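S.K.: only geometry, no sequence info:
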């Protein structure tokens, strides 16, 4: 009976070890989203240098469908990982139309100034949570002071679209 128990334990150990090794070799975290890390200054960084189109599309799908208040912790973690995967440290938000805003997630610091650039032929209105809408004329630029007082993820909309993108604010 004791030898049967030892064989069982060895089999379980091998299954776990092979599973861990397989997942590591795939380099594909849960939901196809690369988890975040932070620099020594505490700023968020993406773990990808040139994301594949498939991973980017999956991350955008998750990021732009935020979890509901009663969502599981796994859903909330996947959403935050998608936001982190898409983040780009930038002082510029470029609009070519409301469906094509780059970067989708801007990481910036509290009280930083971000330049809103409208490369489109039409005027656009950007609305940030708890801020007045900002109207941007065609082919123009306007500074925006990031006034969020706490770190976190804040969404914005373009021409009343539900979610156009996010600001990932850190200290």
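M.R.: Everything's here; your move. Nothing here was measured: the structure is a model prediction, and the numbers come from that model.
S.K.: Residue 153: how many residues sit nearby?
M.R.: Using other Cβ atoms under 10 Å, residue 153 is surrounded by 19 other residues. The C-beta positions use only the backbone N, C-alpha and C, and glycine is treated the same way.
S.K.: By mean pLDDT, flag the weakest helix or strand of the protein.
M.R.: strand 37-38 (a mean of 40; mean pLDDT, DSSP states H and E).
S.K.: Spell out the secondary structure type for the closest residue to residue 114 other than its chain neighbours.
M.R.: Closest residue to residue 114 apart from its sequence neighbours, by Cβ to Cβ, 6 or more residues apart in numbering: residue 144 at 5.0 Å. Secondary structure, DSSP: H, G, I helix; E, B strand; the rest coil: residue 144 is strand.
S.K.: what do you get for the one 5 residues further on?
M.R.: At residue 149 the chain is in coil, as set by three-state DSSP.
S.K.: can you pull the contacts of the closest residue to it other than its chain neighbours?
M.R.: Spatial nearest neighbour of residue 149, excluding adjacent residues (Cβ to Cβ, 6+ apart): residue 110 at 6.6 Å. Contact analysis of residue 110 by Cβ atoms under 8 Å, 6 or more residues apart in numbering lists 146, 148-151, 169-171.
S.K.: Select only the buried ones of the residues you listed in ChimeraX?
M.R.: With 16 or more other Cβ atoms under 10 Å as the criterion, this ChimeraX line picks the buried residues out of the contacts of residue 110:
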select :146,148,169,170
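S.K.: if we can go back for a sec, let me see the confidence value for the residue nearest to residue 149.
M.R.: Residue-level confidence at residue 110 comes out at 83, pLDDT.
S.K.: same thing with residue 120?
M.R.: Looking at residue 120, its pLDDT is 91.
S.K.: cool, and the one 3 residues further on?
M.R.: In this model, residue 123 is scored at 92, pLDDT.
S.K.: I'd say it and residue 137 touch.
M.R.: Yes: proximity of residue 123 to residue 137 meets the contact threshold set by Cβ atoms under 8 Å, at 5.3 Å.
S.K.: Residue 102 and residue 90, how far apart?
M.R.: As for residue 102, its distance to residue 90 is 9 Å (criterion: Cβ to Cβ, to the nearest Å).
S.K.: what's the answer for residue 64, then?
M.R.: Look at residue 64 and residue 90: by Cβ to Cβ, they are 18 Å apart.
S.K.: Who has more neighbours out of those two?
M.R.: When neighbours are counted by other Cβ under 10 Å, residue 64 and residue 90 differ, and residue 64 comes out ahead with 18 against 15.
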